Every structure is written in C-alpha cells, then in structure tokens.
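>>> This is a predicted model, with the sequence first.
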Amino acid sequence: MGRSDDDQDQEVVEQLQQHMKVLDDAFEPTSIPSLGSLEAQVRERRQIRRRSNWIEMICFWLVGLLAIAFGALFLVSAPALYLGAQALSTAVAVILAVIWARRSRKEVRHE
Amino acid sequence: MIKVAELEEVRRAVSGDDSALAALLQRHYTFVYKYLVKVTMDANLAEETVQDTMVRCMENIHRYDGTSAFSSWMITIATRIYIDKTRRKKREQGWLALIRDQAVRRFRWQLESRNEEWTDVMDAMTRLTPEHRVAVLLKHYYGYGYDEIGEMLGIPAGTVKSRTAYGLRQLRKELE
C-alpha cells in the first residue's frame, strides 16, 4: 500500500469519527428505565433462572433414578444377560478408546 | 477513583447484588444505545436491541469474568444480538432490502428532524454489511485493537483486520 493510500485512509477515518460523533450527539434513548424497574427485572430474571436450574436438577435425578431402577430390575430378572451386556459395553468402550488414542497420536505426529 | 468504585460495583453485581447490577445497567444504557445507533444506523432497531442487551446481561452476569471493561462486555453482547438478528432476517432476503431502505430513510428523517445534516459518510456507512460496519466502528471509532475485537466477535484477529480494511476501502470508494 502506497503512502497516498495511507493518507486517504486516514482522511476517511477522520471523516468517519467526525460524522459518527454527530450521530452520538443527535440521538438519545427515548426513555432510560428507572433503577427500580431494572432492579425488579433483575430480580425476576434471577428467580426464573433459579427455577429452571431446579427443574433441570429434578429432571436429572429422575432420569438417573429411572436408569438405576431399570438396571436393578434387569440384574434381578436376568443376571447372565445383564453381566453379558456389561462386559460387552466395557469391551466396546475400551476398543473405541484405543482407536481414538491411536488416531490422536497420529495427528500429533503429522503436525 | 471512578474505576475503583465501578470495579467494586461490578464485583457486587457478579456476586448477586441486584441493586448493584441494576445501577450498572442503567449507567451504561445510553452508552450501549449510542453504540447501537451507529452499528445499526437505525434508531428504532437500536432501541429494541439495547433492551434485549439489558436482559441478556442480567441473565449472563455470572459469566462476566472482569478481564475486559464492563462497557466492552456489554457492547460485545449487543453486537452479537444485532448480528444474530440480521442473520435471522437474511432468511427473508427479498424483504430485507426493502426493510433496510425504509429503515435508512426513517433514520435519515429522524436525524434531519434534529437539525443535523445527513452526510455522505453516514450514507456510505449504511451501505456496509453489518459485519464490516461493526469492525470499522470498533477499530476506528472506539479504538479497540484487532485482538480485542476478535475476542468480542468470536473470530480470529486476522479476519477482523481484513474486515476493517475492506470496510474502509468500501467507504473510500463510496466517498470518491
């Protein structure tokens, strides 16, 4: 970029700053919310968040309890099948972990 | 002195003091609004977006880590809300140009009714895409560095640099 380009850029920047300042001075918000209404809004939002956190936690616990109950039921009604499923899923998890570890090692070597 | 008092207020707001957060939001309301007026070039959209920004700040105050100024954090949120809005509106492409033209005409009328002149620079700014306008304003009006803007917009500093340069080049072309 030549010197004249820099000068022209600088000129545009100066114009931009000047004209944007006009906008800054010309526009004001039609109404700024009062401190009281903002405080009430903040409080309301906090309560909504707290409530949704509680609901999330309750849902989490319910799903967890359901999974444990099904597991226990499965173990009591068909112990051999249950242990087989456990062994199979552990083996699949180990195989996937090994594949993933090998792949990431290869990627590091290529970098 | 103001800085220390504000830091203390921010700390209280983050730790759950509702009145400290309300005071901070009220104090920054005009600053964010004026930023949005220049970014959107539409006073009505700025008004709508500043209200959305206040709500988003209330919901996410626990995520503010104090590494940037509170005002920077607020304009980061405001910018993201505005960019999301424009992306959503892009789906209605046909309407977009028409709505945009109407908004620019209304903004021009609002400015002229305040006895200010609508200038070529302002006109050229309305022709930039939101992404380029945001980059040019944050760099050349607010004085943020490329890295800071990158962090604010969630994009690499190199992208910010090219957006700013392209925006400035477009402005130059429009003004020639």
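Great, that's in hand.

>>> just to confirm, which helix or strand has residue B:111 in it?
helix B:93-112 (DSSP states H and E).

>>> Residue ranges of each domain in chain A, please.
Following the assignment in automatic domain parsing, chain A carries domains at A:34-77, A:79-111.

>>> Point out the most buried one among these.
domain A:34-77 (a mean of 12; mean count of other Cβ atoms under 10 Å in any protein chain shown). C-beta coordinates here come from the backbone N, C-alpha and C atoms, glycine included.

>>> does any part of that one sit near chain B?
Yes. Residues of domain A:34-77 contacting chain B under Cβ under 8 Å from any Cβ of the partner chain: A:34, A:35, A:38, A:39, A:41, A:42, A:43, A:45, A:46, A:49.

>>> doesn't residue B:55 make contact with residue A:41?
Yes. Contact criterion Cβ atoms under 8 Å: residue A:41 and residue B:55 qualify, at 7.5 Å.

>>> related to what we said a few turns ago, include mean pLDDT when you put the domains of chain A into TSV, please.
Shown next, in TSV, are those (pLDDT from 0 to 100):
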stretch	mean pLDDT
domain A:34-77	93
domain A:79-111	86
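
>>> Dump these to CSV, plus distance to residue B:61.
Below are those laid out as CSV (distance: least, Cβ to Cβ, whole Å):
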stretch, distance to residue B:61
domain A:34-77, 8
domain A:79-111, 37
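
>>> ok, back up a step: could you identify the most distant pair in the residues of domain A:34-77 next to chain B?
Taking Cβ to Cβ as the measure, the residues of domain A:34-77 next to chain B span a maximum distance of 22.7 Å, between A:34 and A:49.

>>> Which residue ranges of the chain form helices?
In the absence of a named chain, this looks at chain A. A:3-26, A:35-77, A:79-110 (DSSP state H).

>>> switch to chain B, that's the one I care about
B:2-14, B:18-40, B:43-60, B:70-90, B:93-112, B:120-127, B:130-140, B:146-153, B:157-175.

>>> What helices and strands are in contact with the second one?
Okay, so that is helix B:18-40. helix A:3-26, helix A:35-77, helix B:2-14, helix B:43-60, helix B:70-90, helix B:130-140 (3 or more Cβ pairs under 8 Å, 6 or more residues apart in numbering or on different chains; DSSP states H and E).

>>> Is the third one in proximity to chain A?
When you say that, I think you mean helix B:2-14. No. Helix B:2-14 does not reach chain A (Cβ under 8 Å from any Cβ); its nearest approach is 8.9 Å.

>>> And that helix, how far out from the chain middle?
Between the centre of helix B:2-14 and the centre of its chain there are 23 Å (Cα atoms, centre = their mean, to the nearest Å).

>>> what do you get for the last one?
The chain centroid and the centroid of helix B:130-140 are separated by 9 Å under Cα atoms, centre = their mean.

>>> Could you do the fourth one as well?
Mean C-alpha position of helix B:43-60 versus that of the full chain (Cα atoms, centre = their mean) differs by 10 Å.

>>> Next: the fifth one.
Averaging C-alpha positions (Cα atoms, centre = their mean) puts helix B:70-90 6 Å from its chain's average.

>>> And it, what does it pack against?
helix B:18-40, helix B:43-60, helix B:93-112, helix B:130-140, helix B:146-153.

>>> now the longest one: mean pLDDT?
It stands for helix B:18-40. Helix B:18-40 carries an average pLDDT of 95.

>>> Of the residues of domain A:34-77 next to chain B, which is the nearest to residue B:12?
residue A:42 (12.3 Å).

>>> show me the contacts for the closest one.
Neighbour list for residue A:42: B:18, B:21, B:22, B:25, B:58 [criterion: Cβ atoms under 8 Å, 6 or more residues apart in numbering or on different chains].

>>> Look up the closest residue to the first one, ignoring the ones flanking it.
Ranked by Cβ to Cβ, 6 or more residues apart in numbering or on different chains and with sequence neighbours excluded, the top spatial neighbour of residue B:18 is residue A:42, at 4.6 Å.
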